[in-house]
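>>> quick one, what's the 3D model for this:
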Amino acid sequence: MNDFTMNDLMGLLPYAPIIAVVITVLVVMIAITMKRSHMVTGTISVVGLNIGLFILLGQMAGIVDSGTLVPAAEQLFVIDNFAQFNMVVIFICALACFTLSYAYLADLKDHKEELYLLMLLSTVGALLMVSAQHLASFFMSLEMLSIPLYGMLAYTYMRKRSLESGLKYLVLSATASATLLMGMAFIYAEVGSLAFKPISMTLVDLFESPLLILGAAMMMFGIAFKLSAAPFHMWTPDVYEGAPAPIATYLASVSKVAMMALAVRFLIDTSLLALPSVQMLLMVMATLSILVGNLLAVRQTSLKRLLGYSSIAHMGYVLIVIVSIGSAADSISSMYMAIYAFTSIGAFGVVTLMSSPYRLAGEADELTHYQGLFWRRPVLTAVMTIMMLSLAGIPLTAGFITKLFAILAAVQGTNWFLAAMIILGSAIGLFYYLRVMLTLFKRPKQFIEFDVSKQWGLRTGGIMVIAVTAIIVFFGVLPNSMIEWASLARIW
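Below you'll find the predicted structure:
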């Protein structure tokens, strides 16, 4: 009996970083019941995430014991190099969002502590998503990420747009979940297994099965809802606009990284990419995402809506990588999503630092709020400028390297049309990213509605935004370390 218990404990070692976050959730719950303290709750949350991150890095470096668990096809979860890479990105993004939330909630007179609890629960779901290799764990981890987000988006309930954001995300998420479940049911009815690997083993005999194709298509629709890929993007900019700024940051970074990693593992492990119908669906969604995202972003005067449409276009670029090189897409898609997440944190981080949860009229969202920012906040302007350049894919930023790899992936897969779409989308995107930058350098307005404090760079949120900017510039100038690290992100 003792040996069995010890074997069970040894089997949990690969999941130690996730367990650390789960324990943090329990500690935070107990701390809230004992005494409400914004500082204590925020500190415990950040310490717990740091412990999980250090354990994970230690396991990757071989310093911390990661157990001797041999991956099996029927397991619900697997901790491989692909999962570890994306877990590191999720930990870093979650820490950034927590520090931004702490500064954002400082002036909130209502209860602040529950937001950290919701964010921790959602982060546990994200960490499980990147390691899921079974349709049951696919759905459970996805719901664990999504359900806390309803409350997080509507947390600043004194603003109608925040409530609207939470409600719209609830409808979107429910639609996606229902579509995914129906697709899973069709696949299980035809294949007889819920695990990813066994599905690929039976695919040869069921290549033209109408039920399998219908199930795969419905799952693609559900994944597209979650990724906000066109034509399933309709309320995405509304959700971004109404969400509290740090939660919009979380949605653009942690949520997107986790969902894309899960989608990549699902498509590669099940070999559904071999189905011509799935390839065609991905090509159509990628093309529409790039066109719709970029063309509609051109018309936006709201910075958060602009970044929302920009995210739709970037999901299209990653889908092109997946459809072009198939099973080799794990590394490039992981690298692209990591840099996109860091860039989104920088851009939304500026919005967060400029905003307040108690302005009923909204946050520092309109482009006019940033007019002439350079003349009073030059460092903050430099941060936003670098983020826009990275999103546009301008050289000497990390965004250029990832977009270059996306084009190379399309060329490698001889998808010349999709390669042209990336170039066309980047050209359109350059227009509205430059418009944001020009606004920063215009003559300042006489009346300033929103501004940061003079010591913003010394606060935790300010330090984090500057650190993310340094990462984007460093990987843009010296990309070899980023490329080598991302090359390790392989699915077992």
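>>> now do the helices in the stretch 201-350 of the chain.
210-227, 236-242, 245-250, 256-269, 276-297, 303-325, 329-354 (DSSP state H, counting those that start in this stretch).
>>> separation between the closest residue to Ala16 other than its chain neighbours and Leu127?
Taking C-beta to C-beta, 6 or more residues apart in numbering, and ignoring the residues beside it in sequence, Ala16 has Ile55 as its nearest neighbour in space, at 5.1 Å. Glycine gets a C-beta too; all of them are placed from N, C-alpha and C. According to C-beta to C-beta, to the nearest Å, Ile55 stands 12 Å off from Leu127.
>>> likewise for Met218?
26 Å.
>>> who has more neighbours out of these two?
Counting neighbours by other C-beta atoms under 10 Å for Met218 and for Leu127 shows that Leu127 has the greater number, 29 against 20.
>>> which residue packs closest to the more buried one, ignoring adjacent ones?
Closest to Leu127 by C-beta to C-beta, 6+ apart is Ile18, at 4.8 Å.
>>> pretty sure that neighbour contacts Leu128?
Yes. Using C-beta atoms under 8 Å, Ile18 is in contact with Leu128, at 6.6 Å.
>>> those two - which one has more neighbours?
Leu128 (26 against 22).
>>> a helix runs through that one, doesn't it?
Yes. Counting by DSSP: H, G, I helix; E, B strand; the rest coil, Leu128 is found in a helix.
>>> give me the neighbour count for the residue nearest to it when sequence neighbours are not counted.
Spatially, and ignoring its direct neighbours in sequence, Leu128 is nearest to Ser141 (3.7 Å; C-beta to C-beta, 6+ apart). Residues near Ser141, counting by other C-beta under 10 Å, number 24.
>>> what distance do you get for the nearest residue to Leu262 once chain neighbours are set aside to Ser289?
Leaving out its chain neighbours, the residue that sits closest to Leu262 by C-beta to C-beta, 6+ apart is Met129, at 4.6 Å. For Met129, the distance to Ser289 equals 21 Å [C-beta to C-beta].
>>> need phi/psi at Ala195.
phi -80, psi 150 (degrees, to the nearest 10).
>>> which strand residues bridge it?
Beta-bridge partners recorded for Ala195 (DSSP bridges): His134.
>>> per-residue confidence at it?
Note for Ala195: predicted pLDDT of 85.
>>> neighbours of it, how many?
Other residues close to Ala195 by other C-beta under 10 Å number 21.
>>> next: Ser193.
Count around Ser193 with other C-beta under 10 Å applied: 17.
>>> Ala467 too?
15.
>>> give me the distance between the residue most central in space within the chain and Met337.
Nearest residue to the geometric centre of the chain (C-alpha atoms, centre = their mean): Lys256, 2.5 Å. Distance, Lys256 to Met337, by C-beta to C-beta: 7 Å.
>>> shared neighbours, these two?
Counting by C-beta atoms under 8 Å, 6 or more residues apart in numbering, Lys256 and Met337 have no shared contacts at all.
>>> for the stretch 251-400 of the chain, give me the ranges with low pLDDT.
356-362 (pLDDT under 70).
>>> so which of the helices of the stretch 201-350 of the chain is nearest Gly372?
For the helices of the stretch 201-350 of the chain, proximity to Gly372 was assessed by C-beta to C-beta; helix 329-354 is nearest, at 13.2 Å.
>>> now the lengthiest helix in the chain: mean pLDDT?
Identified as the longest helix of the chain according to DSSP state H is helix 160-191. Helix 160-191 shows a mean pLDDT of 89.
>>> for the closest residue to Ala245 other than its chain neighbours, give me its contacts.
Nearest residue to Ala245 in three dimensions, chain neighbours excluded: Thr352, at 3.9 Å (C-beta to C-beta, 6+ apart). Contacts for Thr352 (C-beta under 8 Å, 6+ apart) come out as 100, 103-104, 245-246, 249, 461.
>>> and the residue nearest to Leu262, how far from Phe441?
40 Å.
>>> so for the two, which sits in the more crowded spot?
Met129 (30 against 14).
>>> was I right about that one contacting Met259?
Yes. Look at Met129 against Met259 with C-beta under 8 Å: they come within range, at 7.0 Å.
>>> overlap of the contact sets of the two?
Common neighbours of Met129 and Met259 (C-beta under 8 Å, 6+ apart) are 142, 145.
>>> could I get the full set of helices for the stretch 51-200 of the chain?
Using DSSP H, counting those that start in this stretch, helices in the stretch 51-200 of the chain cover 81-104, 113-129, 135-153, 160-191, 196-201.
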